[in-house]
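Colleague: Starting from these lines, generate the structure:
(2 chains)
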Amino acid sequence: NAGVTQTPKFQVLKTGQSMTLQCAQDMNHNSMYWYRQDPGMGLRLIYYSASEGTTDKGEVPNGYNVSRLNKREFSLRLESAAPSQTSVYFCASRAGTGGYNEQFFGPGTRLTVL
Amino acid sequence: DAKTTQPPSMDCAEGRAANLPCNHSTISGNEYVYWYRQIHSQGPQYIIHGLKNNETNEMASLIITEDRKSSTLILPHATLRDTAVYYCIVSVSSGNTPLVFGKGTRLSVIA
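Modeller: Prediction:
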């Protein structure tokens, strides 16, 4: 099992460019999440998908859109990148059923917006 | 979700126990205490969780006070590989509730 995978690992964009960050999990999890982490800070939730076909805003959704393509894949799109979106982006997944279950994280995508 | 308070940084000698405190004085009855760690900008990794009883697994022990207003994560024999940022999170047990991360405690294990 690869767990949670993210592509790309690194990306440099110019202000105003668009891009999509890809995330996939092979654990048959229902719930998926996108976080961003700025230097010296904790993770902040951007969007999440509790189950296939649903998405909800997190703490910092402005400037982002998401798509739950299927149960495995959850993408994050920046339509018009801004320097304030320079960050490390982490995708995570969780079984999402029953009581507590562990949240698994991907390795992150390091994005720089010039 | 209840808010947590952790010291920003701590040092620990290699081989000694590392005791990481967390205050969560506004915790509700249905909220669990979770601990995650993040090694060198990798994705966070689950360590342990508990409701009111003390818990132990192969990585660590979790001690929760009787009033549940604070807890301590214990790494019994810290190694250099335990150097990381440790996050204490309080959240309901619902399976898909997003975890809310604070700034955590940066633990430095020193040889």
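
Colleague: in the sheet, who's paired with residue 110?
Modeller: All of this is about chain A. Residue A:110 forms beta bridges with residue A:10, residue A:88, as assigned by DSSP bridges.

Colleague: nope, chain B
Modeller: residue B:13.

Colleague: now residue B:9
Modeller: residue B:106.

Colleague: just residue A:64 next, same as before
Modeller: Going by DSSP bridges, residue A:64 forms beta bridges with residue A:78.

Colleague: That one: neighbour count?
Modeller: By other CB atoms under 10 Å in any protein chain shown, the residues close to residue A:64 number 19. Where you see a C-beta, it was placed from the backbone N, CA and C, and this is true even at glycine.

Colleague: these two touch, right, residue A:103 and residue A:33?
Modeller: Yes - using CB atoms under 8 Å, residue A:103 is in contact with residue A:33, at 7.3 Å.

Colleague: For chain A, what is the nearest residue in chain B?
Modeller: residue B:43 (2.9 Å; CB to the nearest CB).

Colleague: who's in contact with that residue?
Modeller: Going by CB atoms under 8 Å, 6 or more residues apart in numbering or on different chains, residue B:43 touches A:4, A:90, A:92, A:104, A:105, A:106, A:107, A:108.

Colleague: what residues do residue A:103 and residue A:33 have in common as contacts?
Modeller: Shared contacts of residue A:103 and residue A:33, counting by CB under 8 Å, 6+ apart, come down to A:92, A:93, A:94.

Colleague: near chain B too, which of those residues?
Modeller: A:92, A:94 (CB under 8 Å from any CB of the partner chain).

Colleague: Could you dump the shared contacts of residue A:103 and residue A:33 into a markdown table and include secondary structure, neighbour count and pLDDT?
Modeller: As requested, the shared contacts of residue A:103 and residue A:33 are exported to a markdown table (DSSP: H, G, I helix; E, B strand; the rest coil; neighbours: other CB atoms under 10 Å in any protein chain shown; pLDDT from 0 to 100):
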| residue | secondary structure | neighbour count | pLDDT |
| --- | --- | --- | --- |
| A:92 | strand | 26 | 96 |
| A:93 | strand | 27 | 94 |
| A:94 | strand | 24 | 90 |
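
Colleague: Show me which of the shared contacts of residue A:103 and residue A:33 is closest to residue A:9.
Modeller: Set against residue A:9, the nearest of the shared contacts of residue A:103 and residue A:33 by CB to CB is residue A:92 (16.4 Å).

Colleague: Neighbours of residue A:10, how many?
Modeller: Residue A:10: 9 neighbours (other CB under 10 Å).

Colleague: ok, now the one 10 residues further on?
Modeller: By the criterion of other CB under 10 Å, residue A:20 has 13 neighbours.

Colleague: And it, how far from residue A:71?
Modeller: 18 Å (CB to CB, to the nearest Å).

Colleague: Next: residue A:2.
Modeller: Separation of residue A:2 from residue A:71 (CB to CB) stands at 15 Å.

Colleague: of these two, who's got more company?
Modeller: residue A:71 (16 against 9).

Colleague: ok, for that one, nearest residue in space, not its chain neighbours?
Modeller: Using CB to CB, 6 or more residues apart in numbering or on different chains and skipping residues adjacent in sequence, the residue nearest residue A:71 is residue A:52, 4.8 Å away.
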